[in-house]
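Trainee: Prediction below, plus the sequence it came from.
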Amino acid sequence: MLISIFCKVQVAKHPLFSKKIVYLHFFLYLCRHISILDTLHHTLYTKNMDTKELQKLIAIWFEEDIRDGDHTSLSCIPDTEMGCQQLIVKEEGIIAGIEVAKQIIAYFDPECRMEQFIEDGTHVKPGDIAFRVYGKELSLLQIERTMLNVMQRMSGVATTAHRYQSLIADTDCHVLDTRKTTPGLRYLEKEAVLIGGGMNHRIGLFDMILLKDNHVDFAGGITAALTRAKKYCEEKGKDLRIEIETRNEDEIREALATNIPDRIMLDNFSPERTKGAVEIIRAWEKENGKHIEIESSGGITIDTIHDYAITGVDFVSVGALTHSIKSLDMSFKAVK
């Protein structure tokens, strides 16, 4: 907390930052301590988004972009002029973020009106018009970039998720995202994964226990890490699923011997080794009458995902769903 206060003081002294920016930094600090983001976790993944919580993010986006005014628009567009702009798709893909766009528009100018033609999750092609927005020209111009940034990013994520999931549609395997998301945009990017047909892994560090290699090494091994995790959940009254990352067949067998994990991750296994690992786990299941989910992770690409999916794993996690996507090209053009 002392470090956070120090950082805010230094920001306040910096000539490039206004008081509003300092207040926004303070808001972000509060987010971590009064569970605003926890509320977002429970709301953004439903069709009934919590408007107030999303508006807090939107306020930050507009403050970042507009500050004391859009001087370009203010210098040449009268405040009384009314107009219309339409969102035109310029690249094939899966569109996402329309519901968020509605919130952005309503936040900035409640008098603007959207005429919608396409729903989130629709496969779009160049030339498709997703919606038109009617209102003050000044409002439309200031909304444009913030809305496009969010929609292009979300649509790029949805398109990538759809592409990966489509490649394994002939299997029972599902593609998962990871925590490798853009800071501040995790909830929207994970929503986009869902829109594209993928599935969410854990949202953050709070909603699942995932014992990675460093946890295992620091704890003193597979058994110690799993035993401590189970004891922690019991003592804290936490109903959390437990997953553990394994690096070889010996670690898989050791994890199974504890009868603790709900899911075993196979980290950086080749497809051939993955098939063998699946056989080990499924054989254990038959002997013990307990199902354990299996997840492949590490270095899996668009070219290799099917090779992993057909081995019998339940999930394949791909960081590229959010950390290496290309935004979907679209524009918000004036209608004359």
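Mentor: That came through fine.
Trainee: from here on, contacts and neighbour counts on C-alpha atoms
Mentor: Will do.
Trainee: Phi first, then psi, for A309.
Mentor: phi -60, psi -40 (degrees, to the nearest 10).
Trainee: How about I264?
Mentor: phi -120, psi 130.
Trainee: Could you double-check that it sits in contact with R241?
Mentor: No - in this structure, I264 is not within contact of R241 by C-alpha atoms under 8 Å, at 11.3 Å.
Trainee: neighbour-wise, which of the two wins?
Mentor: I264 (24 against 17; other C-alpha atoms under 10 Å).
Trainee: Would you mind listing the residues in contact with the more buried one?
Mentor: Contact analysis of I264 by C-alpha atoms under 8 Å, 6 or more residues apart in numbering lists E243, I244, E245, T246, I252, I292, E293, I294, E295.
Trainee: Please check those residues and keep the buried ones.
Mentor: Neighbour-count burial (16 or more other C-alpha atoms under 10 Å) applied to the contacts of I264 gives E243, I244, E245, T246, I252, I292, E293, I294, E295.
Trainee: Nearest to Q142 among the residues you listed?
Mentor: E295 (44.0 Å; C-alpha to C-alpha).
Trainee: For the top helix by length along the chain, buried residues please.
Mentor: Looking across the chain with DSSP state H, the single longest helix is helix 137-167. The neighbour-count check on helix 137-167 (16+ other C-alpha under 10 Å) flags 137-144, 146-167 as buried.
Trainee: returning to what we had before: will you turn the contacts of I264 into JSON lines that also has distance to A101 and secondary structure?
Mentor: Compiled in JSON lines, the contacts of I264 are given as follows (distance: C-alpha to C-alpha, whole Å; DSSP: H, G, I helix; E, B strand; the rest coil):
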{"residue": "E243", "distance to A101": "36", "secondary structure": "strand"}
{"residue": "I244", "distance to A101": "38", "secondary structure": "strand"}
{"residue": "E245", "distance to A101": "38", "secondary structure": "strand"}
{"residue": "T246", "distance to A101": "41", "secondary structure": "strand"}
{"residue": "I252", "distance to A101": "45", "secondary structure": "helix"}
{"residue": "I292", "distance to A101": "40", "secondary structure": "coil"}
{"residue": "E293", "distance to A101": "37", "secondary structure": "strand"}
{"residue": "I294", "distance to A101": "37", "secondary structure": "strand"}
{"residue": "E295", "distance to A101": "34", "secondary structure": "strand"}
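Trainee: With respect to I105, which of those residues is nearest?
Mentor: Closest to I105, out of all of those and judged by C-alpha to C-alpha, is E295, at 39.8 Å.
Trainee: Kindly reformat the buried ones among the contacts of I264 as JSON lines containing pLDDT and distance to F117.
Mentor: Shown next, in JSON lines, are the buried ones among the contacts of I264 (pLDDT from 0 to 100; distance: C-alpha to C-alpha, whole Å):
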{"residue": "E243", "pLDDT": "98", "distance to F117": "42"}
{"residue": "I244", "pLDDT": "98", "distance to F117": "45"}
{"residue": "E245", "pLDDT": "98", "distance to F117": "45"}
{"residue": "T246", "pLDDT": "98", "distance to F117": "47"}
{"residue": "I252", "pLDDT": "98", "distance to F117": "50"}
{"residue": "I292", "pLDDT": "98", "distance to F117": "43"}
{"residue": "E293", "pLDDT": "98", "distance to F117": "40"}
{"residue": "I294", "pLDDT": "98", "distance to F117": "40"}
{"residue": "E295", "pLDDT": "98", "distance to F117": "38"}
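Trainee: which residues of the stretch 1-150 of the chain score low on pLDDT?
Mentor: 1-50 (pLDDT under 70).
Trainee: so E295 bridges to which residues?
Mentor: In this entry, E295 is beta-bridged to M265, F315, by DSSP bridges.
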